[in-house]
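Visitor: this is a predicted model, with the sequence first.
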Amino acid sequence: MAVVHVVLPGDIDDPATPSGGNHYDRRVCAGLTALGWTVHEHGVPGDWPQPDGRARAGLAGLLADLPVGTPVLLDGLVASVVPEVLAPHADRLRLVVLVHMPMQGDTEAAALSCAAAVVTTSGWTRDRLRQWYRLAPDRVHVAAPGVEPATAAAGTVAGNRLLCVATVVPHKGHDLLVGALAEVAELPWTLDCVGALTRDPAYAARLRRQVADRGLTGRVRWAGSRVGTDLAAAYADADLLVLASRGETYGMVVTEALARGLPVLATAVGGVPEALGRAPDGDPPGLLVPPDDPAALADALRRWLDGAALRQRLRRAALARRGALAGWSATSTVIAHVLDGVRV
């Protein structure tokens, strides 16, 4: 039976800090098990990706105890910042690094040089890693996030229930979104922001002041973290997912929305255009705008809120795209193939 050891951040199951990367790791571990692999999980305590000496020593001890030739799948949040820990084991273990968020720098370059293979979550990330570090094409693989089947959202005629699912941190662009919404304040809409408010409390406080200063109190609502049925309910109540990120390697919330037939308004950054994709007939299931451009975002919001025909077209495309989305079994199958390829 094939065996793999999976190295994960120690807080992967913390319900207060859900993330797309943690969800991805969880689904992959379950998927590999379903494919017949024996999966040994190792959550490494530490403030990753800024580990202290104790965290580094913990990872070093873990790797040292594994038998020669063992396949090890390491979350990039851990692996990409500790090349000095990986290097002594590069020849004796079969290291595979799963890169959710590329860090671009000499440290990551050194870490990836220790890996027998690298897995990325989007073609955009794969291309960047190849370009930055001149990695051989056959060493870098794409295992795009899957999506769970979901009931289609009913939607409303007015289309004015907006939803943003993102941790409240600067790179997710909530400040840009609030600024754009202030420009269409005369139109009827509400925005529910679902995502942890504790990662950057000072930024969250600034956002609350921004909302109050722009007269949007009560219309922009901060729901905090939601998972499971609570998150599903937020999607079910929405008309449009809005994501104003300054950077995304993929954007799992985009496909989570599309799995419910929800159109998406997002910034054209990183792997987001990949995640959005197109319906089988070629129609886009949403709108893409340039990043860091609140005027463009406001214009797109106005077009959605004022345009019944646009809403109908995008909803039709989103429902068609929904049927073409791949499940998590496809993601796990790709990673299983990579692991098979590095086994001694």
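Guide: Alright, I've got the coordinates.
Visitor: spell out the residue ranges of the helices in the chain.
Guide: Assigned by DSSP state H, the chain shows helices spanning 20-34, 53-64, 76-79, 83-86, 106-113, 123-133, 174-182, 201-213, 228-236, 252-258, 272-276, 294-306, 308-322, 328-342.
Visitor: output the below-cut-off pLDDT ranges for the protein.
Guide: Flagging of the chain using pLDDT under 70 yields the residue ranges 14-18, 344.
Visitor: domain parsing for it?
Guide: 3-146+326-342, 161-322 (automatic domain parsing).
Visitor: re earlier: tabulate the helices of the chain (JSON lines), appending mean neighbour count and distance to L95.
Guide: All C-beta spots, glycine's among them, are computed from the backbone N, C-alpha and C. Below are the helices of the chain laid out as JSON lines (neighbours: other C-beta atoms under 10 Å; distance: least, C-beta to C-beta, whole Å):
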{"stretch": "helix 20-34", "mean neighbour count": "19", "distance to L95": "16"}
{"stretch": "helix 53-64", "mean neighbour count": "15", "distance to L95": "9"}
{"stretch": "helix 76-79", "mean neighbour count": "26", "distance to L95": "8"}
{"stretch": "helix 83-86", "mean neighbour count": "20", "distance to L95": "6"}
{"stretch": "helix 106-113", "mean neighbour count": "18", "distance to L95": "9"}
{"stretch": "helix 123-133", "mean neighbour count": "18", "distance to L95": "15"}
{"stretch": "helix 174-182", "mean neighbour count": "22", "distance to L95": "37"}
{"stretch": "helix 201-213", "mean neighbour count": "14", "distance to L95": "35"}
{"stretch": "helix 228-236", "mean neighbour count": "15", "distance to L95": "33"}
{"stretch": "helix 252-258", "mean neighbour count": "26", "distance to L95": "25"}
{"stretch": "helix 272-276", "mean neighbour count": "24", "distance to L95": "26"}
{"stretch": "helix 294-306", "mean neighbour count": "19", "distance to L95": "41"}
{"stretch": "helix 308-322", "mean neighbour count": "18", "distance to L95": "36"}
{"stretch": "helix 328-342", "mean neighbour count": "18", "distance to L95": "8"}
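Visitor: got the ones you listed as CSV, with distance to L265 columns?
Guide: Shown next, in CSV, are those (distance: least, C-beta to C-beta, whole Å):
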stretch, distance to L265
helix 20-34, 19
helix 53-64, 39
helix 76-79, 28
helix 83-86, 39
helix 106-113, 32
helix 123-133, 19
helix 174-182, 10
helix 201-213, 19
helix 228-236, 15
helix 252-258, 10
helix 272-276, 10
helix 294-306, 5
helix 308-322, 9
helix 328-342, 26
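Visitor: how about these, which one is nearest V168?
Guide: helix 201-213 (5.0 Å; C-beta to C-beta).
Visitor: and that closest one, what other elements does it pack with?
Guide: helix 174-182, strand 220-224 (3 or more C-beta pairs under 8 Å, 6 or more residues apart in numbering; DSSP states H and E).
Visitor: and of the helices of the chain, who's closest to V194?
Guide: Each of those was scored for nearness to V194 using C-beta to C-beta, and the closest is helix 228-236 (5.1 Å).
Visitor: phi first, then psi, for the closest residue in space to G270 that isn't next to it in sequence.
Guide: Spatial nearest neighbour of G270, chain neighbours left out: E248 (4.4 Å); criterion: C-beta to C-beta, 6 or more residues apart in numbering. Per-residue torsions, E248: phi -150, psi 140 (degrees, to the nearest 10).
Visitor: wait, E248 touches V272, no?
Guide: Yes. Between E248 and V272 a contact is recorded at 5.1 Å, counting by C-beta atoms under 8 Å.
Visitor: who's in contact with V334?
Guide: By C-beta atoms under 8 Å, 6 or more residues apart in numbering, the residues touching V334 are 119, 141-143.
Visitor: of all pairs in those residues, which one is the farthest apart?
Guide: Farthest apart among these by C-beta to C-beta are V119 and V142. That separation is 7.6 Å.
Visitor: look at the two and report which has more neighbours.
Guide: It is V119, of V119 and V142, that has more neighbours when counted by other C-beta atoms under 10 Å, with 24 against 18.
Visitor: sorry, back to before: ok, which of the domains of the chain comes nearest G155?
Guide: domain 161-322 (5.2 Å).
Visitor: one step back: next, format the contacts of V334 as a markdown table and append distance to A150.
Guide: Below are the contacts of V334 laid out as a markdown table (distance: C-beta to C-beta, whole Å):
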| residue | distance to A150 |
| --- | --- |
| V119 | 26 |
| H141 | 27 |
| V142 | 24 |
| A143 | 21 |
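Visitor: tell me which of those is nearest to T267?
Guide: V142 (21.5 Å).
Visitor: check contacts around the closest one.
Guide: V142 makes contacts with 119-123, 125-126, 334, as judged by C-beta under 8 Å, 6+ apart.
Visitor: hmm, try it at 10 Å
Guide: If you count contacts by C-beta atoms under 10 Å, 6 or more residues apart in numbering, V142 has them with 119-127, 250, 271, 274, 331, 334.
Visitor: I'm done for today, thanks for sticking with me.
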